[in-house]
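Chemist: What would the 3D arrangement of this be:
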Amino acid sequence: MVSPNMFPGYNYSKGTSHYKWVKRIIEKARAANIPWVIVGMHQNCLVIGTQTCPSPDLINLLLSEKVDLILQAQKHDYQSSKQLALNSTTCPAMAITSYNPNCVVNDTTSLTRGAGTVIVVTGTGGTVPLLSISTTDPKIGYFRSWMGANVNPTWGVSRFTVAATQLTAQFVPVSGEPLAMALPSPAAPPLPLHRRVYRRHLLRRPEQYWRRTASSVLISPSGEQLPTDRSGQVMPTVSPTSPSAAIRGKL
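Modeler: Next up is the predicted model:
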């Protein structure tokens with residue numbers, strides 16, 4: 001985890017101690033044969049609809065090191081990028097206000113570990129309203145999928161399943177229509193949402209949510225009992241989700 005533009009004294013400009021620390025940690029992870037390098041931060045840099053970046057040297061470092069996944073927040077929408085990477089000739093640095101197609105190494109759903117980086121922004125945890133997606137922003141070319149107030153508005157969370165040779169990503173919606181992620185698959189069915197239930201508890205133990213909130217049942221035409229919430233709305237069923245496409249690579 002890194003914290004650009006969040007706490008006094010943290011500076012990720014090239015040559016600073018914090019910049020060198022991030023670079024050293026990534027190099028140590030590679031040397032230790034850690035399969036996946038994932039970086040998390042609150043402050044976003046490369047996103048649709050924002051023309052400034054508080055730490056351009058940091059995003060260039062992460063892309064040049066080809067970390068596998070960058071998780072960002074702050075922006076209250078959902079965005080998932082194509083696989084991105086820098087190179088010494090046609091993409092020496094990431095363009096923050098424009099689109100350079102040479103920085104995209106893979107725009108398909110079949111990604112190779114070590115080839116580049118996928119950026120995922122998940123700001124859909126419950127803040128109302130969601131932000132609109134600026135579809136005229138040229139940086140939209142860096143992204144494979146997005147969702148906001150004006151494009152398939154959906155609240156939910158991103159779920160990642162990590163194994164030694166495969167990283168699987170899926171967006172789990174709690175309202176609205178399912179949205180494909182950077183690594184698309186059949187989307188998960190909607191999960192019920194209740195303000196008193198933490199998302200962590202909801203995702204891990206959905207059956208407890210049913211016991212807590214279901215106060216009555218309806219009988220369907222087929223005779224099936226349908227639990228309802230306290231407002232009388234039928235609650236959707238919770239079933240296992242199928243895995244999404246994945247980044248794969250050999251050890």
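
Chemist: host element of Tyr12?
Modeler: Assigned by DSSP states H and E, Tyr12 falls within no helix or strand.

Chemist: And for it, the neighbour number?
Modeler: By the criterion of other Cβ atoms under 10 Å, Tyr12 has 24 neighbours. Where C-beta positions appear, they are placed from N, C-alpha and C, glycine not excepted.

Chemist: Also Thr97?
Modeler: If you count neighbours by other Cβ under 10 Å, Thr97 ends up with 11.

Chemist: Distance of it relative to Ala85?
Modeler: Remark: distance between Thr97 and Ala85 (Cβ to Cβ, to the nearest Å) = 19 Å.

Chemist: Also Phe143?
Modeler: The spacing between Phe143 and Ala85, counted by Cβ to Cβ, is 15 Å.

Chemist: Please say which of these two ends up with more neighbours.
Modeler: Taking other Cβ under 10 Å, Phe143 and Ala85 do not tie; Phe143 has more neighbours (23 against 19).

Chemist: check contacts around the nearest residue in space to that one that is not next to it in sequence.
Modeler: Distances taken as Cβ to Cβ, 6 or more residues apart in numbering put Ser81 closest to Phe143, at 5.0 Å, once the chain neighbours are dropped. Residues counted as contacts of Ser81 (Cβ atoms under 8 Å, 6 or more residues apart in numbering) are 46, 117-120, 142-144, 182.

Chemist: So Thr50 is in contact with Lys75, correct?
Modeler: Yes. The criterion here is Cβ atoms under 8 Å, and Thr50 meets it with Lys75 at 6.9 Å.

Chemist: what is in contact with those two at once?
Modeler: Any residue near both Thr50 and Lys75 by Cβ under 8 Å, 6+ apart counts here, and that gives Asn44.

Chemist: The two - which one has more neighbours?
Modeler: It is Lys75, of Thr50 and Lys75, that has more neighbours when counted by other Cβ under 10 Å, with 20 against 17.

Chemist: All set, thanks.
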